[in-house]
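Participant: Turn this into a model:
(one chain, ligands or ions: 1)
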Amino acid sequence: MVLQAIQYEPASASSPPALRILDQLLLPHRTVYEAIAGCQEAHAAIKQMKVRGAPAIAIVAALALAVEIGAAAVAGKLPSSADEVKERIGDRLDYLKTSRPTAVNLGDAVGKLKVVAKKAALQSGATAESVAQAYIEAAERMLVDDVSDNKAIGEHGARWIEENTAAGRQRKADKSHALQVLTHCNTGSLATAGYGTALGVIRSLRAADMLTRAYCTETRPYNQGSRLTAYELVHDAIPATLITDSMACALLAREGDGLAAVVVGADRVAANGDTANKIGTYSLAVLARHHGVKFLVAAPRTTIDLTTASGNDIVIEERAPEEVTRIKGPKVTAEGKIQVDEAAEIISIAATGIDVWNPAFDVTPAELIDGIITEVGVVEKVDGRFDFGTIFQRPS
Ligand SMILES: CSC[C@@H](O)[C@@H](O)C(=O)COP(=O)(O)O
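Facilitator: Sure, this is the predicted structure:
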């Protein structure tokens, strides 16, 4: 079974396009897909983190509007002119963009899709239907391109680790050597259209018979690591070990050279390489530098934001205190059996009345990052600085 966070069916002769998302709040114990009929449902699903992960958020938003427009077209309810459809598309995209602030992929998709609608409306003989169709095709392309970009990220990252780390070189020469990777949060099939970014690198290393073990952090407070990454690793039968976030230091000290790299995803990479990613990423980068372990960020070019000069300019989403003070999951019986079908229990794990700070992301300074793995290659610092100038000219 292929893990899919996003299921999309294009329009047929008789029916409009349809979109379903895997409700990630119920994972790893329940697999429930939810239909997304339009922008309002998508906005709520993104805000509640039923779908999450920078690329997945952008694609669900883009496709939700495709579904909404497709349904209006089939029902004969599109606005009457090309310009009005273009305006409607712009307004709906602006609304979707407000769902979560830190990940840039959504803003990037919104900008590109607005350009598509604008160009389509400027075509001679443009109609409401032709603008709607141009939008739908562009949104559908984003879904397809994300998977191929992730596979390319996986291959570039695996090759870089093979060539640039002691564990990589040793394992290549002699398969009795260990090569392990530590990752954080969830960056896999559930966070993207498929395959994943940092988890894509892990998948590619495994496919090349290079990886002996992946470690994943629990990723407090939302537990994307223990709920989602662990689920993907078990699903793909990749040898893997779960640690709490606070165990990373002990792991790096213990594994030495066998731990080839820490590989994480990104929600926004600023023009100087400073990287916003799931809270806890920065501490891993500090630990990696202290232990001489390579620290890599895996992200498509859509995550690199040249309009944001540095990490100081990145808006960090703060989330509800309850994510820290409570945990949610199915009941476990006295015999240790998980009651999968029961409604989730919410348990309080903090003193009532304590103040809480819950930033969802932190910013890792470029200085601590050894390479940024994109679909067109790994960007490394030259004279201590990242320069993304040329990668945007390269074809995928
Ligand atoms: C390929 S996903 C990259 C990042 O979006 C991921 O590491 C992350 O931080 C996700 O955070 P989330 O809050 O779960 O959306």
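
Participant: can you give me the strands in the stretch 251-396 of the chain?
Facilitator: Using DSSP state E, counting those that start in this stretch, the strands of the stretch 251-396 of the chain run over 259-264, 268-270, 275-278, 294-298, 304-305, 326-329, 345-348, 361-364, 371-374, 377-379.

Participant: Near Arg254, how many other residues are there?
Facilitator: When neighbours are counted by other CB atoms under 10 Å, Arg254 registers 10. For glycine as for every other residue, the C-beta is placed from the backbone atoms N, C-alpha and C.

Participant: related to what we said a few turns ago, adding mean pLDDT, write the strands of the stretch 251-396 of the chain out as TSV.
Facilitator: Below are the strands of the stretch 251-396 of the chain laid out as TSV (pLDDT from 0 to 100):
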stretch	mean pLDDT
strand 259-264	97
strand 268-270	97
strand 275-278	98
strand 294-298	98
strand 304-305	96
strand 326-329	92
strand 345-348	93
strand 361-364	98
strand 371-374	98
strand 377-379	97
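
Participant: can you list these in TSV and add mean neighbour count and distance to Gln224?
Facilitator: Formatted as TSV, those follow (neighbours: other CB atoms under 10 Å; distance: least, CB to CB, whole Å):
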stretch	mean neighbour count	distance to Gln224
strand 259-264	28	12
strand 268-270	27	17
strand 275-278	29	7
strand 294-298	26	15
strand 304-305	24	22
strand 326-329	15	13
strand 345-348	11	18
strand 361-364	23	12
strand 371-374	27	20
strand 377-379	20	24
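
Participant: Which one of the ones you listed lies nearest to Met1?
Facilitator: Nearest of those to Met1, taken as CB to CB: strand 326-329 at 22.7 Å.

Participant: Pull up the pairing partners for the closest one, direction included.
Facilitator: strand 345-348 (antiparallel) (DSSP bridges).

Participant: Quick check: nearest residue in space to Thr325, chain neighbours excluded?
Facilitator: Among residues not flanking Thr325 along the chain, Ala350 sits closest, at 3.9 Å (CB to CB, 6 or more residues apart in numbering).

Participant: From Ser348, how far off is Lys151?
Facilitator: 43 Å (CB to CB, to the nearest Å).

Participant: To clarify, my last question referred to Ala298.
Facilitator: Taken as CB to CB, the span from Ala298 to Ser348 is 36 Å.

Participant: Gln40 now?
Facilitator: 32 Å.

Participant: try Ser148
Facilitator: 45 Å.

Participant: One more: Ile391?
Facilitator: For Ile391, the distance to Ser348 - CB to CB - is 47 Å.

Participant: where does the stretch 1-150 of the chain dip in pLDDT?
Facilitator: Applying pLDDT under 70 to the stretch 1-150 of the chain picks out no residues at all.

Participant: Swap in 90 and give it another go.
Facilitator: Filtered on pLDDT under 90, the stretch 1-150 of the chain yields the residue ranges 1-3, 13-14, 101.

Participant: give me the beta-bridge partners of Gly371?
Facilitator: Beta-bridge partners, per DSSP bridges, of Gly371: Leu296.

Participant: So that it lines up with my notes, have the first residue be 13 from now on.
Facilitator: In the new count, where the first residue is 13, that last one comes out as Gly383.

Participant: And the residue of the stretch 163-312 of the chain that's closest to the ligand?
Facilitator: When scored by CB to the nearest ligand atom, the stretch 163-312 of the chain has Gly277 as its residue closest to the ligand, at 2.8 Å.

Participant: Spatially nearest residue to that residue (excluding sequence neighbours)?
Facilitator: Thr199 is the one closest to Gly277 (CB to CB, 6+ apart), at 3.5 Å.

Participant: Is the one you found part of a helix or strand, or is it coil?
Facilitator: On the three-state scheme (DSSP: H, G, I helix; E, B strand; the rest coil), Thr199 is labelled coil.

Participant: isn't it right up against Arg215?
Facilitator: No: between Thr199 and Arg215 there is no contact under CB atoms under 8 Å: 10.7 Å.

Participant: relative to strand 271-276, how tilted is the host helix or strand of Glu149?
Facilitator: In the assignment (DSSP states H and E), Glu149 maps to helix 140-176. Counting by axes from the mean of the first three to the mean of the last three CA atoms, to 10 degrees, helix 140-176 points 160 degrees away from the direction of strand 271-276.

Participant: What's the first helix or strand after helix 140-176?
Facilitator: Following helix 140-176 toward the C-terminus (DSSP H and E): helix 178-185.

Participant: what's the average pLDDT for that following helix?
Facilitator: Helix 178-185 carries an average pLDDT of 96.

Participant: Heading C-terminal from it, find the next helix or strand.
Facilitator: strand 192-195.

Participant: Give me the mean pLDDT for that next one.
Facilitator: pLDDT averaged over strand 192-195 gives 98.
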